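[1] Predicted structure and sequence below. I'll ask about it afterward.
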Amino acid sequence: MGIIFLFLAQRDQERVAGNGRRSGSRSGEAFIPYYYGKAIDGIVVHQSMEHFATPVVTLAALAVASSLAMGVRGGVFTLMFGKLNLRLRNHLFRTLMRQEIGFFDDNHTGDIISRLSADTTQVSDLVSVNINVFMRSIIKGAGFSAFMLMMSWKLTLVAVMGLPFIGLASKFYGDYYKKLTKEVQTVLADANKVAEETISAMRTVRSFANEGGEAASYYDQLLLMFQLNKKQALAYAGYAWSSSVGTGGSSSGPSSKPLSELALEIAILYYGGHLVVTGQMSGGTLISFFIYMLELGECLENIASVYTGLMQGVGAAEKVFEYLDRKPKHAADGTEAPDACAGVVEFQDVTFAYPTRPDVDILKGVSFTLRPGEVTALVGPSGSGKSSCVSLLENFYLPQKGRVLLDGKPVHTFRHDYLHSKVGLVGQEPVLFARTVEENITYGLTGVSREAAVQAAIKANAHEFISALPDGYETMRNVCISDHWQRRLPVEEGRTRTNWAFKPSAKQRVAIARALIRSPRVLILDEATSALDAESEHIVQTALNGVMREHAVLVVAHRLSTVERADNIVVIDRGRVAEQGSHAQLMASGGLYCKLVQRQVLGIETGAELLGPADGVGRQPRRRQSSSSSSAGGGGDPEGNMRY
Ligand SMILES: Nc1ncnc2c1ncn2[C@@H]1O[C@H](COP(=O)(O)OP(=O)(O)OP(=O)(O)O)[C@@H](O)[C@H]1O
């Protein structure tokens with residue numbers, strides 16, 4: 001029996017080193033116990049070198065061959081994992097890109113990223129590892145069973161008696177583990193949500209001195225996860241015990257085997273010894289059989305663990321597939337792409353509520369028109385629905401009632417890329433990507449020449465500063481450092497970096513170039529200058545003034561200089577169009593616009609806060625110097641600008 005214990009010790013070492021079910025014998029080992037028996041018979045029964053040497057040489061050849069095969073198999077499965085991961089993430093990301101904007105309002109970025117990273121890795125890992133283990137175990141198990149049957153069908157029958165028990169234990173454990181894994185994923189996503197929310201709003205957290213509170217919320221989530229981890233640990237312990245019963249399972253050594261397993265081994269030893277003593281089997285064959293039985297036990301355990309492993313993956317997979325299978329509620333599947341686009345935009349009696357708050361109408365019967373060559377300004381108190389109009393024109397959402405038309409056709413009927421080439425948007429804080437300046441300007445377009453990018457940059461008043469950058473249009477945008485910190489970096493330090501961070505006015509001009517390169521017929525400027533300081537604002541405004549007359553322009557602005565020069569001013573109040581007309585008409589009528597202007601002027605004159613976002617987060621209202629140069633009621637900054 002010494003050789004069996006030697007074999008067991010070596011096998012257990014392999015298991016520990018190879019992390020349990022991944023390790024173990026190679027497929028060539030199906031033959032190894034057989035030749036062990038032959039070698040032992042050569043020594044004990046035949047006592048001849050010839051009978052002994054042949055199996056030993058064969059064993060050596062098998063060891064080399066199986067090592068090679070193991071390497072190839074490992075490589076194939078690593079490749080398979082990579083491929084699966086690639087396809088899964090690619091498919092998932094593409095599905096995400098197709099979702100309507102409301103989906104992103106509804107789902108937290110942390111949750112989405114967690115699906116994209118942790119869950120997909122778990123799915124690919126489990127699927128590829130489990131297929132690997134399953135195939136290997138099935139092939140080996142079939143080989144072992146064949147050898148065992150060939151040696152003694154009676155002993156084989158005794159050995160497989162523990163099988164039904166393994167099946168039941170695995171099923172029970174698999175279901176339970178699946179449930180736990182799903183819960184762990186959910187709690188992890190919640191914990192990530194807390195961390196992300198806190199970190200992204202660090203200034204707010206700091207200003208309310210709530211660092212401790214946030215740390216406690218995060219810790220609470222972690223504790224929840226730990227509770228689930230404890231349950232998982234218990235479940236695993238229970239499973240390891242039950243699965244090792246009846247087979248040559250996962251014990252750490254012969255002396256620590258569960259009783260029933262030992263009982264089975266003793267029964268086989270007893271009955272096998274009887275067969276040897278009665279001359280029905282050789283001693284070497286019994287040893288071979290014993291080793292086969294232990295190996296078969298491991299195979300069966302591995303097959304069972306594949307089931308539970310797959311269950312573990314299914315928990316993560318269900319969440320991944322929930323996204324993969326999701327059909328966008330508002331798909332960008334329009335087909336219209338007429339050759340000519342005049343750029344007439346009509347809001348016809350539009351009523352709109354966000355999908356996350358379907359019972360709160362943000363816009364209520366809004367109607368106005370944008371005409372080519374005209375500037376229309378959308379003004380009104382914070383939260384009145386100005387940006388929501390922009391979102392509808394961008395086809396981010398569908399209105400519940402009424403229509404948003406471009407050249408007489410609803411915007412959602414246009415081909416996605418067509419609509420966004422005809423309607424250009426410059427937002428308040430445009431996002432620049434970690435790409436070169438040129439790639440940022442030509443973002444979303446293919447086959448655009450450098451010349452076109454340069455022309456757009458010239459129009460946007462950006463060419464000069466781009467040309468002065470270290471690598472010109474090839475300069476990389478730096479996203480590693482936030483703009484907040486970048487503004488505080490000494491210029492020299494900025495210049496020693498290979499990447500480049502732009503000043504806000506430069507960013508804004510690149511964003512304007514990005515909108516202009518598409519030659520849009522409609523240009524939306526959604527508070528395009530409101531986050532800038534006076535000097536930057538002047539630079540950007542100069543760029544905008546040059547291009548405004550070429551398009552139908554919709555300006556959402558606080559600057560009086562922009563607004564008062566607009567051909568039409570639409571005043572929105574609590575989701576309704578309160579009034580519209582030119583600056584002079586509206587001032588003469590003495591309505592809301594006039595009041596806003598007067599309040600603004602008063603605010604500046606008395607040093608009171610300007611009208612700003614109601615939530616106080618994000619856009620910061622800025623106070624302006626008063627000036628007598630403005631025609632709009634006498635208030636404004638040195639450029640005649642005032643803010644609503
Ligand atoms: N994605 C969203 N989901 C749900 N509600 C939203 C969403 N975006 C805006 N809202 C709400 O819609 C209302 C109108 O917001 P909107 O941004 O259109 O106003 P606004 O006039 O542009 O305000 P501001 O001048 O502050 O930008 C606000 O009450 C706002 O909280």
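    Received it, and whenever you're ready, just let me know what you need.

[2] tell me how far the one helix or strand L223 maps to is from the chain's mean position?
    According to DSSP states H and E, L223 maps onto helix 211-244. Computed by Cα atoms, centre = their mean, to the nearest Å, the chain-centroid distance of helix 211-244 equals 24 Å.

[3] now that helix: mean pLDDT?
    For helix 211-244, mean pLDDT rounds to 79.

[4] Which residue ranges of the stretch 451-600 of the chain form strands?
    Here the stretch 451-600 of the chain has its strands, by DSSP state E, counting those that start in this stretch, at 476-477, 499-500, 522-526, 552-556, 568-573, 576-581.

[5] quick revisit: beyond the helix holding L223, next helix or strand please.
    Downstream of helix 211-244 (by DSSP H and E), the next one is helix 259-277.

[6] mean pLDDT lowest for which of the strands of the stretch 451-600 of the chain?
    When the strands of the stretch 451-600 of the chain are compared by mean pLDDT, strand 499-500 comes last with a mean of 50.

[7] Which helix or which strand is home to the nearest residue to Y397 once chain neighbours are set aside?
    When the adjacent residues along the chain are set aside, Y397 lies closest to S391, with 5.7 Å between them (Cβ to Cβ, 6 or more residues apart in numbering). For glycine as for every other residue, the C-beta is placed from the backbone atoms N, C-alpha and C. Using DSSP H and E, S391 maps to helix 386-393.

[8] And the strand or helix carrying F147, what does it pack against?
    In the assignment (DSSP H and E), F147 maps to helix 120-151. When contacts are defined as 3 or more Cβ pairs under 8 Å, 6 or more residues apart in numbering; DSSP states H and E, helix 120-151 sits against helix 49-98, helix 153-159, helix 283-324.

[9] closest one to the ligand among the ones you listed?
    For the ligand, the closest of the helices and strands packed on helix 120-151 is helix 49-98, at 17.2 Å, according to Cβ to the nearest ligand atom.

[10] what angle sits between the closest one and helix 120-151?
    Relative orientation of helix 49-98 versus helix 120-151 (axes from the mean of the first three to the mean of the last three Cα atoms, to 10 degrees): 150 degrees.

[11] What helices and strands are in contact with helix 49-98?
    On a contact count with 3+ Cβ pairs under 8 Å, 6+ apart, helix 49-98 meets helix 32-41, helix 120-151, helix 283-324.

[12] Include distance to the ligand when you put those into TSV, please.
    Converted to TSV, these look like this (distance: least, Cβ to the nearest ligand atom, whole Å):
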stretch	distance to the ligand
helix 32-41	65
helix 120-151	27
helix 283-324	20
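
[13] Mind putting the ones you listed into CSV with mean pLDDT?
    As requested, those are exported to CSV (pLDDT from 0 to 100):
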stretch, mean pLDDT
helix 32-41, 78
helix 120-151, 83
helix 283-324, 80
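
[14] Mind putting the ones you listed into TSV with distance to T198 and mean neighbour count?
    Output for the helices and strands packed on helix 49-98, formatted as TSV (distance: least, Cβ to Cβ, whole Å; neighbours: other Cβ atoms under 10 Å):
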stretch	distance to T198	mean neighbour count
helix 32-41	57	22
helix 120-151	25	19
helix 283-324	23	22
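
[15] Next to the ligand, which bits of this protein? Give me the list.
    Within the chain, the positions lying close to the ligand (Cβ under 6 Å from any ligand atom) are 105, 354, 356-357, 362, 380, 382-388, 613.

[16] Is V360 in a helix, a strand, or coil?
    Secondary structure, DSSP: H, G, I helix; E, B strand; the rest coil: V360 is coil.

[17] For it, give me its contacts.
    Residues in contact with V360 (Cβ atoms under 8 Å, 6 or more residues apart in numbering) are 353-354.

[18] Give me the residues contacting stretch 324-334.
    Outside of stretch 324-334, the residues within contact range by Cβ under 8 Å, 6+ apart are 91-92, 95, 98-103, 355, 395, 397-398, 411-416, 418-419.

[19] go with 10 Å
    The contact list for stretch 324-334 (Cβ atoms under 10 Å, 6 or more residues apart in numbering) reads 88, 91-92, 94-103, 115, 317, 355, 395-398, 409-420.

[20] Contact partners for H412?
    Contacts of H412 (Cβ under 10 Å, 6+ apart): 330-334, 336, 392, 395, 397-399, 403-404, 419.

[21] Just the ones in helices from those, please.
    392, 419 (DSSP state H).

[22] doesn't T446 fall inside a strand?
    No: T446 is assigned coil when assessed by three-state DSSP, not a strand.

[23] Dihedrals phi and psi, it?
    The phi/psi pair for T446 (degrees, to the nearest 10) reads phi -120, psi 150.

[24] And it, how far from I466?
    The gap separating T446 from I466 is 21 Å, by Cβ to Cβ, to the nearest Å.

[25] Comparing these two, which residue is more hemmed in?
    Per other Cβ atoms under 10 Å, whichever of T446 and I466 has more neighbours is I466, with 25 against 5.

[26] ok, now how distant is the closest residue to the ligand within the stretch 51-200 of the chain from P355?
    With Cβ to the nearest ligand atom as the measure, D105 is the residue of the stretch 51-200 of the chain nearest to the ligand, at 4.4 Å. As judged by Cβ to Cβ, D105 and P355 stand 7 Å apart.

[27] now swap in P338 and tell me
    30 Å.

[28] ok, now G315?
    Distance, G315 to P355, using Cβ to Cβ: 28 Å.

[29] With L86 instead?
    Distance, L86 to P355, by Cβ to Cβ: 32 Å.

[30] higher neighbour count, the two?
    Comparing L86 with P355 by other Cβ under 10 Å, the one with more neighbours is P355, at 15 against 12.

[31] Grab the nearest non-local neighbour of that one.
    Closest residue in space to P355, ignoring its immediate chain neighbours: G102 at 3.7 Å, by Cβ to Cβ, 6+ apart.

[32] Quick one: neighbours of the one you found, just the number.
    For G102, the count of nearby residues is 18 (other Cβ under 10 Å).

[33] In this model T356 seems to touch it, though I could be wrong.
    Yes: using Cβ atoms under 10 Å, G102 makes contact with T356 at a distance of 6.9 Å.

[34] re earlier: report how many residues lie close to the residue of the stretch 51-200 of the chain closest to the ligand.
    Neighbours of D105 using other Cβ under 10 Å come to 14.

[35] and after the host helix or strand of it, which helix or strand comes next?
    Using DSSP H and E, D105 falls within helix 101-106. Counting by DSSP H and E, the next helix or strand C-terminal to helix 101-106 is helix 109-114.

[36] residues of that following helix that come out buried?
    Within helix 109-114, the residues that count as buried by 16 or more other Cβ atoms under 10 Å are 110-112, 114.

[37] Now I291. Nearest residue, chain neighbours left out?
    Spatially, and ignoring its direct neighbours in sequence, I291 is nearest to P33 (3.7 Å; Cβ to Cβ, 6+ apart).

[38] next one: V158
    Take V158 and drop its neighbours on the chain: the residue closest to it by Cβ to Cβ, 6+ apart is I268, 5.7 Å away.

[39] isn't that neighbour right next to I291, touching?
    No: if you go by Cβ under 10 Å, I268 and I291 don't touch, sitting 11.6 Å apart.

[40] Domain ranges for the chain, per the record?
    Domain ranges of the chain: 2-325, 345-631, per automatic domain parsing.

[41] hmm, back to that, list the contacts of the residue nearest to Y397.
    101, 352, 354, 362, 385, 397, 425, 526.

[42] Filter these down to the buried ones, ChimeraX style.
    Restricted to buried positions by 16+ other Cβ under 10 Å, the ChimeraX selection for those reads:
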select :101,352,354,362,385,397,425,526
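
[43] so which of the contacts of S391 comes closest to V571?
    Set against V571, the nearest of the contacts of S391 by Cβ to Cβ is G385 (11.4 Å).

[44] Next, that closest one: phi, psi?
    Main-chain dihedrals, G385, degrees, to the nearest 10: phi 120, psi 20.

[45] From P33, how far off is it?
    With Cβ to Cβ as the criterion, G385 and P33 are 78 Å apart.
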